[in-house]
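> Following is a predicted model, sequence given first.
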Amino acid sequence: MMAAIRPATSDDAGPICDIHNQGIADRLATLETVLRTPDGTRAWLAERRPRYPVIVADLDGVVVGWASLNQFNPRAAYDRVADFSVYVARDRRGRGIGAQLLDSLVSRARTIGFHKMVLAALARNEAGIALYVRAGFTHVGIYREHGQLDGRWVDVVIMEKLL
Ligand SMILES: CC(C)(COP(=O)(O)OP(=O)(O)OC[C@H]1O[C@@H](n2cnc3c(N)ncnc32)[C@H](O)[C@@H]1OP(=O)(O)O)[C@@H](O)C(=O)NCCC(=O)NCCS
């Protein structure tokens, strides 16, 4: 299934918010537990600078996934390191859309001039880790019992890819 990958616009705030909230509800994608709102997502999109783009996977006019480059650390020493997010709608997962989004994000990160992409993922997020390994990310390590989700400790995997 080939989606068109394009920059997000403010009109995409609704579906981006819904897809993000599915990931939050799954308790696999992120340690966040507070659901997003369409207005909050619209404001988040409006604040983005060209260095930290948000892209969407558009399947015949329907947004089925999104991804973003995020600031890793505000210290100047880390200016060329990017963190990122990738989320695919629950009913569209496992069909190559996450891989398409991540490939596009890697190529955009190179064009922007980033030297490295990094991520922190829940160690039990098998789909996410498979996606990252497929895109050439390698394991840096695992923080054991690093965060708390619904009152339970979770392990967090750190991965990186030199661009
Ligand atoms: C992680 C996520 C983005 C992957 O997107 P996707 O469109 O489902 O993934 P793809 O179909 O492109 O698959 C990419 C690779 O991951 C593997 N994969 C996908 N789902 C998997 C699963 N449930 N278990 C194991 N591997 C899986 C695929 O086999 C594929 O590798 P291959 O090309 O060698 O076969 C998607 O599952 C998702 O949105 N999850 C919720 C949000 C999230 O966890 N984001 C990551 C935060 S760290």
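Alright, I've got the coordinates.
> Alongside the ligand, which residues does the protein contribute?
23, 26, 28-29, 86-88, 93-99, 121, 125-128, 130-131, 134 (C-beta under 6 Å from any ligand atom). C-beta coordinates here come from the backbone N, C-alpha and C atoms, glycine included.
> Write the ChimeraX selection for whichever of those residues are buried.
Per 16 or more other C-beta atoms under 10 Å, the buried members of the residues of the chain next to the ligand correspond to this ChimeraX selection:
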select :23,28,29,86,87,88,93,95,97,98,121,125,128,131
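> Among the residues of the chain next to the ligand, which lie within helices?
Using DSSP state H, the members of the residues of the chain next to the ligand that fall in helices are Gly23, Asp26, Ile97, Gly98, Ala99, Glu126, Ala127, Gly128, Ala130, Leu131, Arg134.
> quick one: which two of those are the most distant?
Spanning the widest gap among those are Asp26 and Arg134, at 19.9 Å by C-beta to C-beta.
> List the contacts of the closest residue to the ligand within the chain.
Closest approach between the chain and the ligand, counting by C-beta to the nearest ligand atom: Gly98, at 2.1 Å. By C-beta atoms under 8 Å, 6 or more residues apart in numbering, the contact list for Gly98 reads Gly65, Val86, Val88, Ala127, Leu131.
> Need the max-distance pair from these.
Gly65 and Ala127 (12.7 Å).
> Quick check: nearest residue in space to the spatially most central residue of the chain, chain neighbours excluded?
For the chain, the residue sitting closest to the mean C-alpha position, by C-alpha atoms, centre = their mean, is Ser85 at 1.1 Å. Among residues not flanking Ser85 along the chain, Ser68 sits closest, at 5.0 Å (C-beta to C-beta, 6 or more residues apart in numbering).
> Now do the buried residues in stretch 150-163.
Val154, Val156, Val157, Met159, Lys161, Leu163.
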